[in-house]
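Asks: Fold the following and give me the result.
(chains A, B, C and D, ligands or ions: 4)
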Amino acid sequence: EPEVVKGPAAEPDCFAPWAADTQFFKFPKKDGPYRIALANGYIANTWRIQMIQTAKAYAAQKDVAAKLKEFKVVSTGEDVPAQISAINNFIDSGFDAIVVNAQNPTAFGPVIKRAKEAGVVLVAFDNILDTKDAINVNVDQKGLGELWAKWLISHIPDGGKILEVRGVAGTSVDTDRHNGIHEVLDASGKKWDVTEVAGKWDDPTAQKVTADAIATNGPFVGITGQGGDTGIVQAMIDAKHAFVPFGGETENGFRKFCAAHAADGLKCSSAGTGPAQVAVAIKTAISALEGNVVPQSVKLPLAIVEDPNFKEGQDYFPDQSDNFFVGNSFPTCGINFTAQEIMGQTKENK
Amino acid sequence: MSDTTLIGGIAGRMPKFLRRADPAVVTAFACIVLLLLVGSLYSRSFLSPEYLLQQLKVASFLGVIATGMMLVILLGQIDLSVPWSVAVGAMMACAAAAYGPLGSVLAIPFGIVCGIAIGVVNGIGVAYLRIPSMIITLATNAVAQGLMVVYTGGFSPQDSATPAMRYLATGFAIPAVPNAVIIWALIGAAMVFLLTRTGFGRAVYGIGNRERAAYLSGIDTRRVVMVAFAVSGGLSAFGGVLLAGYASKAAQSMGDAYLLPSIAAVVLGGTSILGGRGSYLGTVAGVILITLLQSILSVMQMPEAGRQIVYGVVIVVMLLLYGRAPASR
Amino acid sequence: MKDWRYWLAEQRGTLLALGIFVAMFAIYSANHPAGFTANVVQTAANKGVLLAFVAMAQTLVVITAGIDLSVGMIFTLTNCLASWLVIGTGLETAFGVIAVLGTGLVCGAINGAIVIYGRLQPIVATIATGAVYFGLALLLRPFPGGSVNEDLADALTGRLFGLVPASLVALAVVVLIVWVPFSRSELGRAAYAAGSSETAAYMSGVPIRRGKFVAYTLAGLLAAIGGLFLTFFTYTGDAAYASGNAYTLFSIAAVVLGGVSLFGGKGSALGAIFGALAFRTIGDLLFVFDLDPLWQPLFQGVILLIAVSLGAFALFRVRNRLEWFL
Amino acid sequence: MDGAVPLFSMQGISKRYGGVRALEKAELSVTAGSIHAILGENGAGKSTLIKVMAGVVAPDEGRMLLDGSEVSFASPAAANRAGIVCIFQELSLIPELSVADNIVISDPPKRFGLIDRKAQRRIAEEALARAGASDIHPLALVKDLPLSRRQMVEIAKALARKPRILILDEATSALTATDVAKIFGVLKRLREEGLALLYISHRMNEIAELADQCTVFRNGRNVASYAAGSKSDSEVVELMIGREYSHIFPPKPARHGAAVPVLEARNLCWTDRLDNVSLTVGAGEVVGLGGLDGQGQRELLLAFFGVLRGLAGEILVDGKAVSIASPSAARDGRIGMALIPEDRKTEGLMLPMTVRENLSFAALDRLSKAGVIDRATEQRLIDDMVELLAIKTAGLDIPVGALSGGNQQKVVIAKWLMRQPRIVLLNDPTRGIDVGTKQELYQLMRKLADAGAAILFYSTDYDELIGCCDRVLVLYDGAVKRELVGAEITEHALIASALNIHGEGAGPLQGEGA
Ligand SMILES: Nc1ncnc2c1ncn2[C@@H]1O[C@H](COP(=O)(O)OP(=O)(O)OP(=O)(O)O)[C@@H](O)[C@H]1O
Ligand SMILES: Nc1ncnc2c1ncn2[C@@H]1O[C@H](COP(=O)(O)OP(=O)(O)OP(=O)(O)O)[C@@H](O)[C@H]1O
Ligand SMILES: [Mg+2]
Ligand SMILES: [Mg+2]
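Replies: Ligands and ions are numbered 1, 2, ... in the order given. This is a model prediction of the structure:
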């Protein structure tokens, strides 16, 4: 359905193409207001809840709300077929665009086909789709791993024992980040001895496996964690492990630790993309429906904060939940949410 | 302190324990030693006191949760609401702490009470509505999850653990013995007492063996079942509180990792899933086995796939060693 | 009493499940923006059939008074395997399908052997074998991917004559060639007998072990058929732990909703199928009701709670309290 | 039948369970076309012997010959194939399956490899008819049938297997006189047809009527074999119990006037099973419940014990109306009621639990302070009970399931006596119990009554009602049809009123419905 055209995109700063050879789409212009759906999978963790809150907050912003006739969210759980069915239902019900956080990047072939036939704009974010036929709003997962590895390399002069706390096995995010880390470490020429444990992006699990790793394989000269980083630092503190350079995610709790213990050696690089990327995805969908040129694969900027730049009230929030994901601003897209805006959303509405 | 008398008490009873020890329990403890020896081939640190104490500490969270699970399994029932009871306990305790000093004081009891509430719903379903526990607890688990999602999204949640929770999970009242271990020991001792010395305990075994006969003996079987589920909910929530103390905060998915291991630990400890038979000492062995196995597999540099396979195979092999039902003839 | 009353009494669980499903689906399609169309039915059917296969698998084991907590993992493992094998020419695809189904049979047989000949308690034995099957799945698919013969996939997830969902037809065929012969065979009856009273069955000279073994093995096969369908539906293999576990737990819910007794000896796969479809419709109801997204999980939970509590109404008819304890 | 070749014989069969010698070099031989009775007190090894025969239990030593050649059975199925079919003491029916399914369970008729339901139904109907139980619908689920009907199904099931040797282990223990008569007809016909029958029963009159040959077991050995009718009853009993035996029933005390009513029912109605039942049981009185099985006697006992919901009418204890909503209310101090249930294995005992735990189970509330069991008191009361009832057990910490049936029954009674109940309800407590134990039980009952208890006693055995009761209420279709007092209690009167026919000498009818 969409025409493949030449770039650049309508808002080139926000809709940056993933790579030089990324295609650009131009969908036939539709008249608003639009019906847009968000097909979410799993819901029961802070990241997802925060994402949904952000999506609602974004859709409620005045200029966005003006363009929307309906914004519907369905969370189908961990089951891929349920999510596929939800998208099919959205297509059959005549939604103009569907935003999806895919439970499985490769499973949506048939749905993409149907969406294309029905002229529905499909935009994936976070867990994106393995396809050239739908729009992906991408986080550079591998780049994230590379970033963390580079941070460690630059802060650990002589190489040595590194602890790598991985995510959920079998997911592409985990694999990409892991590969990024190892490619950079291997290329550095220094000697690294990496202990890998599975923290499952979950604080208590990460804490437990970190504690075990420290007790049996420690001490380490550097740590990288894909998630559950607050727990990892907690385990270091509990084990009285020396603070060492750390490349990790964007949890508020982690950043609190980084700010507090930087002087003792907890030099952090905290990077990732917060749940606010959903807003970019919705924005992309609207833009595409309006007939603007959008890249098939949008590259999101990483929200990076590195030692010694952790600023209270901006990069971390002492009175917010540890589980809160910081990094909710995409200035190039005109998107910037405060923590209060996101988590307070429902309360204000009530 | 009461701990010394406790230890003294256990030591005093030791010979009797050994005399009456269930071969399954003995084998389970032998398996623990074997596991450690195998682990020490990989790294000497598996035999270090720090590592062992740390395992005991981590095991105590599972231990507290499995205690409740065991009570329910002794009745011939099962509690699949563990994951979100744990999360509810952790999250609600942390939430209460947001309400000033009084909130902090009541945080732990409040978390536990929330778990008990889930248990009571389970208990009403199983005891009074006669819904199979496997399904009603599945449903309450879903409801608890729903409530927590609403809660997390609807309010700015406070989710850091109070100092008291931190202290319970990670502090040291006695040098070198983590508080979590002491708590597990106390809860375990209370459970042993409950099961062996009280009418309630006898009733639990009786109902597990033959509910009809227990009822006709004038036991208020429904109340016993209900209380057992409430205790299970409360202990799951308390496990969550400890876990939150350990991680210094609460998170939604906290309990996911505890459902299957708690069942496996109880059964590995020789308790019959059909109810009516099992000893707490066995559950202790089961909990330690599972925790050690998970930890050793996690630290050995093995891909997740291999870890899962070894985990499964080891459990089957251990059960074949001692967990077999008697031959029918 | 007339014969048909006995039949009715026997089928009560199944009919109740059918009733719940029909009522829910009526509410669903009446409120669906697209209405009761072939597309909507096809979507619901494809999703429901997956769980129906897994629930059938669970039913076979539950009938023997066991439980299989590894069905979801067999489902996942066979999905991963199918994403490697069910591809290529017609002949290759056929071999792939046979290999996948064979793998399911073997997994089921292993469960059966461990439970029956190893004399282990099914619940924990299958927790352990489930871990092994998941490990194997992860070996096959360290991350999601693979592909499937798309012509076959489209045919089986599409519609026959533009109207009837092919997946429902496939389900019916499986019922006819697996469930019906099983339930009417001597071994099937042995499975029921063993579930109802193992000692009585043994004393009566019933081939208990063979009956149970066949039940576990066929359960593996049915889970593999589910895994195959998952591959057809998603075109890929994915070793997703959470989803495997979810299917296991859902299958238990479906079985109970379908009137199969977890104590064994009673119930039918047809009931479990309706239970599965009803359970899936609970999820679909979210779609047609305009609920705040954060309230959706709670809504689902409450509906499930209500659905499983429906059976409790029979309790009010119980006049003799001893009947509580059957 | 002298000179007949033994069809089947067992030589030197031994079987031990741990320290217990269930069988010790036991011998038995069975001839075709005869009925062979096996007698012996509880735990003598009768059931074990036939379990060995039927392939359920593997013997430790000894050999078995069928048609003169040695055989051994790996499973009940193997024994079935050899033509040995057994009706086990603990019923071997599958509760969730239909009667027809059960009857053909071991070898269902098949068509195209699948079970042929039409043929199955035909076979079932035939078998039921042969057993004289055509009133049972082949599609009914076994779990919905009362115990007596289940035993009939069990017999039909055995017949459907076309056995050469048919073994009945206390197969008639739950049957009433009418059913027993039907079964006897069947058994005699089978004998004519040339089958060998083995018959185990504790009812002497049945054995006298049926048996051609008798073998007595004691302590796992066969102590005597004789042709039926060649020994007197008391000789046989002495062989069984190994001691002298007299006066099975204790004398009834003379009554002067009405006893003080302790338990009273007024117009009890419950669904269609109880119809305006009114009765009183006085202190020191043993009141029997008679009638055919299934006429509401069990329901009546359950009604008193707080098990039934939606009960209409009044229950009075000591003249005051009480509402009893559960067994725990019924056993409570003020009411002090005890029920010895019908089926000790599922209702009376927790078989895998120890003798100790079972004995004190119903009295835990009394033995506990603040919920904690006082173990010294527990031990003392248990010792008292074991002594009082002479419970034979290898120890208090073995599973109660390992006791012989009679001793299990004593445990059930003891666990209630421990509460010193004022009202005792007995639901057919002597089922499957040997004469010696029965005698002890009757004496105990009388002792309790003499101590002031009110006893309501249901039995399927008329001799018992005659021997034990001060009064008997005969139930028919949920209503009390007759009250027999003192000398009126005769077998003739009991049977006549059980069938609700007005024989001569019938007393005044009770209840308005008659
Ligand atoms: N499975 C077993 N385990 C332990 N002991 C057993 C077992 N089976 C039988 N016994 C013992 O063997 C002895 C004989 O038991 P059996 O059942 O044969 O007696 P019985 O003659 O049938 O008695 P009853 O008249 O009560 O039926 C008893 O002492 C019993 O305790
Ligand atoms: N779980 C068990 N453990 C040990 N022994 C058992 C067990 N179950 C049954 N038995 C033994 O098996 C024997 C046979 O069982 P059965 O039910 O025939 O008892 P029984 O003594 O014959 O009872 P009854 O008086 O009713 O005839 C019993 O005597 C009992 O000792
Ligand atoms: Mg016997
Ligand atoms: Mg007996």
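Asks: okay, CA-based contacts and neighbour counts for the rest of this
Replies: Noted.
Asks: Let me see the backbone angles for C:G118.
Replies: phi -80, psi -10 (degrees, to the nearest 10).
Asks: An error on my part: the question was meant for A:S270.
Replies: phi -110, psi 110.
Asks: who touches it in this structure?
Replies: A:247-250, A:255, A:304-306 (C-alpha atoms under 8 Å, 6 or more residues apart in numbering or on different chains).
Asks: Three-state assignment for the closest residue to B:V299 other than its chain neighbours, please.
Replies: Nearest residue to B:V299, sequence neighbours excluded (C-alpha to C-alpha, 6 or more residues apart in numbering or on different chains): A:A213, at 5.8 Å. In three-state terms, and counting by DSSP: H, G, I helix; E, B strand; the rest coil, A:A213 is helix.
Asks: Check the gap between A:Q23 and ligand 2 for me.
Replies: According to C-alpha to the nearest ligand atom, to the nearest Å, A:Q23 stands 75 Å off from ligand 2.
Asks: which outside residues touch the one helix or strand A:A86 maps to?
Replies: Using DSSP states H and E, A:A86 falls within helix A:80-92. Under the criterion C-alpha under 8 Å, 6+ apart, residues A:37, A:39-41, A:74-77, A:98, A:102-104, A:107-108, A:111, A:114-115, A:118, A:120, C:34, C:39-40, C:43-44, C:47, C:230, C:233-234, C:243, C:287 lie in contact with helix A:80-92.
Asks: can you give me the helices in the stretch 51-200 of chain B?
Replies: Shown for the stretch 51-200 of chain B, the helices assigned by DSSP state H, counting those that start in this stretch span residues B:82-96, B:100-123, B:133-154, B:163-170, B:179-197, B:199-209.
Asks: so how far is the third one from its chain's centroid?
Replies: How far helix B:133-154 lies from its chain's middle: 20 Å, per C-alpha atoms, centre = their mean, to the nearest Å.
Asks: Just the CA coordinates for it, please, in PDB.
Replies: The C-alpha coordinates for helix B:133-154 follow below in PDB (Å, rounded to 0.1, in the frame of the first residue of the first chain):
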ATOM      1  CA  SER B 133      -7.900 -25.400  44.700                       C
ATOM      2  CA  MET B 134      -5.800 -25.600  41.500                       C
ATOM      3  CA  ILE B 135      -8.300 -23.400  39.700                       C
ATOM      4  CA  ILE B 136      -9.500 -21.000  42.400                       C
ATOM      5  CA  THR B 137      -6.000 -20.100  43.300                       C
ATOM      6  CA  LEU B 138      -5.200 -19.600  39.700                       C
ATOM      7  CA  ALA B 139      -8.100 -17.200  39.500                       C
ATOM      8  CA  THR B 140      -7.200 -15.300  42.600                       C
ATOM      9  CA  ASN B 141      -3.700 -15.000  41.300                       C
ATOM     10  CA  ALA B 142      -5.000 -13.300  38.300                       C
ATOM     11  CA  VAL B 143      -7.200 -11.000  40.400                       C
ATOM     12  CA  ALA B 144      -4.300 -10.100  42.600                       C
ATOM     13  CA  GLN B 145      -2.200  -9.300  39.500                       C
ATOM     14  CA  GLY B 146      -5.000  -7.100  38.200                       C
ATOM     15  CA  LEU B 147      -5.200  -5.300  41.500                       C
ATOM     16  CA  MET B 148      -1.500  -4.600  41.500                       C
ATOM     17  CA  VAL B 149      -1.500  -3.400  38.000                       C
ATOM     18  CA  VAL B 150      -4.300  -1.000  38.800                       C
ATOM     19  CA  TYR B 151      -2.500   0.100  41.900                       C
ATOM     20  CA  THR B 152       0.900   0.700  40.200                       C
ATOM     21  CA  GLY B 153      -0.700   2.600  37.400                       C
ATOM     22  CA  GLY B 154      -3.200   4.500  39.400                       C
END
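Asks: now the angle from that helix to helix B:100-123?
Replies: 150 degrees (axes from the mean of the first three to the mean of the last three C-alpha atoms, to 10 degrees).
Asks: close to chain A, is helix B:133-154?
Replies: Yes - counting by C-alpha under 8 Å from any C-alpha of the partner chain, chain A has neighbours in helix B:133-154: B:145, B:149, B:152-154.
Asks: quick check, nearest of those to chain A?
Replies: Set against chain A, the nearest of the residues of helix B:133-154 next to chain A by C-alpha to the nearest C-alpha is B:G154 (5.2 Å).
Asks: sorry, back to before: restricted to strands, list the contacts of A:S270.
Replies: A:247-248, A:304-306 (DSSP state E).
Asks: hang on, the earlier thing: including neighbour count and pLDDT, could the residues of helix B:133-154 next to chain A go into a markdown table?
Replies: As requested, the residues of helix B:133-154 next to chain A are exported to a markdown table (neighbours: other C-alpha atoms under 10 Å in any protein chain shown; pLDDT from 0 to 100):
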| residue | neighbour count | pLDDT |
| --- | --- | --- |
| B:Q145 | 25 | 92 |
| B:V149 | 24 | 87 |
| B:T152 | 23 | 81 |
| B:G153 | 26 | 76 |
| B:G154 | 21 | 63 |
